[in-house]
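Q: Okay, sequence plus prediction incoming.
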Amino acid sequence: MNAKDITLKQQTVLHGAGIRHRLGDIVADMGARRALVLSTPRQSGAAMDLAERLGSRAAGVYSGAVMHTPRAVTDEALEHLRAVRSDCLVALGGGSTIGLSKALSLRTGLPQVVIPTTYAGSEATPILGQTENGVKTTLKDPAVLPQTVLYDPELVASLPATLSVTSGLNAMAHAVEALYAPDRTEATTRQALAGLRAFIAAMPRILDNPKDLDAREESQRAAYACGAVLGATSMALHHKLCHTLGGAFDLPHAETHAIILPHAVDYNASAAPALLAPLSDILGEGAPGPALWRFAKTLNAPRALRDLGVREDQLDRAAELAVARPYPNPREITRAGIRALLQKAWSGEAPV
Ligand code: NAD
């Protein structure tokens, strides 16, 4: 069974305002009695609320999740999990919290219910990235795919405007690279385009009114579609570049994706014109890279790596790191090409 089948067939995915209130029944139906609620420190209040609502089925809260799933944090959470004799994981949060849940499930075999509050899409993939001594390794294993996903638009409505936009662009990046992935299928392309269409329609509505629950629900459906194709296809230049930059300069995940996406698309556009044409059609404004850049600008998304603290004199090293290991990409990866891309992404210029 490939990753796509796993994503589509082995998960229960529920959407709806207030759906989180069904958590108690869902945990009970799993036969679990002691759910450990996971979150980041910033979302510990919401995690406490959830645990309180779970009542006697809650074993407690662990609020130490951080970005990139460091093994030391997983070890600490595992100790806590064992101390409270938990038999089920509940992750409330974005990719960082869901990453911790996946890492714990991999080690213990415990079932997971995840309640995503960003659009990163980790809940839809059998992928887990973990870091140890500053080195990130990624594995793909059906065992880490959460059994149940609850998309409650009321919870994502608290995501600040900037994070909503960058997280949405992060999700769109999965779908864009799925369009030209060597292992794409008709189904992944259809799903990717549905996700892109929905995000492009929903994002302006969300900026206009962050509490628009219909737009939030639309964007969560889009996030699932984008996450599913991330799990089912191979990512290329955009994801490799974000991975390299994030690791080398400790950059925030969603912002880095938001800045790089138009430039990565522009780099690949000449090598995959037919595959990217539907994206241009959705954006409705000529070449896909510049059109994405203008879309990001209208959403007031961050557009310059220098605003994330990257220095111009670090770009040569970044280009070197980005070309160090070959990987499949529609257009040949050259050092000069990547260096030019990075210059524009650093200064915040449009890709053309
Ligand atoms: P995140 O989970 O780190 O969240 C960013 C910040 O926003 C955190 O402080 C979080 O507590 C806060 N936050 C989240 N939702 C909120 C809400 N609704 N209201 C207020 N604050 C909220 O960010 P992310 O972009 O979702 O995830 C990034 C991580 O996920 C990275 O480590 C990345 O590698 C990983 N990821 C993994 C996969 C996968 O398939 N394995 C896919 C995408 C991302």
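A: Everything's here; your move. Residues are numbered from 1 along each chain as shown.

Q: what's the closest non-adjacent residue to the closest residue to the ligand within the chain?
A: Using Cβ to the nearest ligand atom, the closest approach of the chain to the ligand is made by residue 95 at 1.9 Å. C-betas here are computed from N, CA, C, even on glycine. Nearest residue to residue 95, sequence neighbours excluded (Cβ to Cβ, 6 or more residues apart in numbering): residue 120, at 3.7 Å.

Q: What confidence value was assigned to that neighbour?
A: Confidence at residue 120, expressed as pLDDT, is 98.

Q: Any figure for the gap between it and residue 173?
A: 10 Å (Cβ to Cβ, to the nearest Å).

Q: what does residue 39 give?
A: Taken as Cβ to Cβ, the span from residue 39 to residue 173 is 25 Å.

Q: from what I can see residue 262 touches residue 289, true?
A: Yes. Between residue 262 and residue 289 there is a contact at 5.0 Å, judged by Cβ atoms under 8 Å.

Q: which of these two has more neighbours?
A: Remark: of residue 262 and residue 289, residue 262 carries more neighbours, 29 against 26, as counted by other Cβ atoms under 10 Å.

Q: and that one, which of the three is it?
A: helix (DSSP: H, G, I helix; E, B strand; the rest coil).

Q: quick one: contacts for it?
A: By Cβ atoms under 8 Å, 6 or more residues apart in numbering, the contact set of residue 262 is 289, 290, 292, 293, 296, 350, 351.

Q: what sits up against the host helix or strand of residue 278?
A: Per DSSP states H and E, residue 278 falls inside helix 273-283. Residues outside helix 273-283 that contact it (Cβ under 8 Å, 6+ apart): 176, 179-180, 193, 196-197, 200, 265, 268-269, 286-288, 291-292, 295, 330.

Q: So stretch 49-63, near the ligand or not?
A: No. Between stretch 49-63 and the ligand, judged by Cβ under 6 Å from any ligand atom, nothing touches; the nearest distance is 9.3 Å.

Q: tell me which residues in that stretch are buried?
A: Residues of stretch 49-63 classed as buried: 50, 51, 54, 57, 58, 59, 60, 61, 62, 63 (neighbour count, 16 or more other Cβ atoms under 10 Å).

Q: Kindly report the same for stretch 107-116.
A: By neighbour count on 16+ other Cβ under 10 Å, the buried set for stretch 107-116 is 110, 111, 112, 113, 114, 115, 116.

Q: which SSE is the fifth one in?
A: If I follow you right, that is residue 114. Residue 114 belongs to strand 112-116 when assigned by DSSP H and E.

Q: Show me which residues of the stretch 201-350 of the chain sit near the ligand.
A: Counting by Cβ under 6 Å from any ligand atom, the residues of the stretch 201-350 of the chain that sit close to the ligand are 230, 253, 254.

Q: What about these, which one has the most neighbours?
A: Neighbour tally across these (other Cβ under 10 Å): the maximum, 29 neighbours, falls on residue 230.

Q: where's it, which helix or strand?
A: Element membership for residue 230, per DSSP H and E: helix 213-232.

Q: and what of residue 72?
A: Going by DSSP H and E, residue 72 is part of helix 71-83.
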